[in-house]
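[1] below: sequence and its predicted model.
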Amino acid sequence: MAGRAKPLSTLLLCFLLLLCTSTAIHGKKIRRAASYHPCKNLVFYFHDIIYNGQNEKNATSAIVGAPAWGNMTILAGQSHFGNLVVFDDPITLDNNLHSTPVGRAQGFYFYDRKDVFTAWLGFSFVFNSTEHMGSINFAGADPLMNKTRDVSVVGGTGDFFMSRGVATLMTDAFEGEVYFRLRVDINLYECWEKA
């Protein structure tokens, strides 16, 4: 009988341990999330000039993919559905296109809905200035009709090594379908310091 008690007590102990762990994980007590404060906040502007067949000297972006009914110099239809645009845009510290660039915004966006004016972005801010070196990488949906839109900061290099956070985009200006300027307010919540 004593030989059977040992496995039974071990089994009971394991069951109680499992029960306690389960209660701790799935219990009713919910801890309030700590308030998050960014470790770094940056504001930049990027200026996009879409190639329209007549502005090759000034263009910083071009349509590289279009639906069958579209073409490569004019955005398709009202929502631009199906257009894929690549860009290499200047980044400035203020909203003046002619200010000295502190880097380049390089990447792509594609218009991904027929019924609503919206896009999906994947791009990097590439810096090579006295103030910043390295890159910040972004990805996410851009519902263009909203005044402000958030996209994820998914990483970085150099001064922004493995950074993560949120970038709030706001269309600061636009001129038809040829030029737009975005204000990008970047809040990094994961920052690494150089050793």
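    Looks like it arrived, so ask away.
[2] now do the buried residues in stretch 96-103.
    97, 101-103 (16 or more other CB atoms under 10 Å). In this view, the C-beta of every residue, glycine as well, is placed from N, C-alpha and C.
[3] the strands in this structure, which residues?
    Taking DSSP state E, the strands of the chain run over residues 40-49, 61-65, 84-92, 103-111, 119-128, 133-142, 148-158, 164-175, 179-190.
[4] run the chain-centre distance for the second one.
    What that stands for is strand 61-65. 20 Å (CA atoms, centre = their mean, to the nearest Å).
[5] in CSV, list the buried residues of stretch 96-103 along with pLDDT and distance to residue 123.
    Shown next, in CSV, are these (pLDDT from 0 to 100; distance: CB to CB, whole Å):
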residue, pLDDT, distance to residue 123
97, 93, 18
101, 94, 15
102, 95, 16
103, 96, 12
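[6] any chance of those in JSON lines, with distance to residue 38 too?
    Below are these laid out as JSON lines (distance: CB to CB, whole Å):
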{"residue": "97", "distance to residue 38": "28"}
{"residue": "101", "distance to residue 38": "24"}
{"residue": "102", "distance to residue 38": "20"}
{"residue": "103", "distance to residue 38": "20"}
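[7] pick out the shakiest of the strands of the chain, pLDDT-wise.
    Of all those, the minimum mean pLDDT falls on strand 61-65 (a mean of 83).
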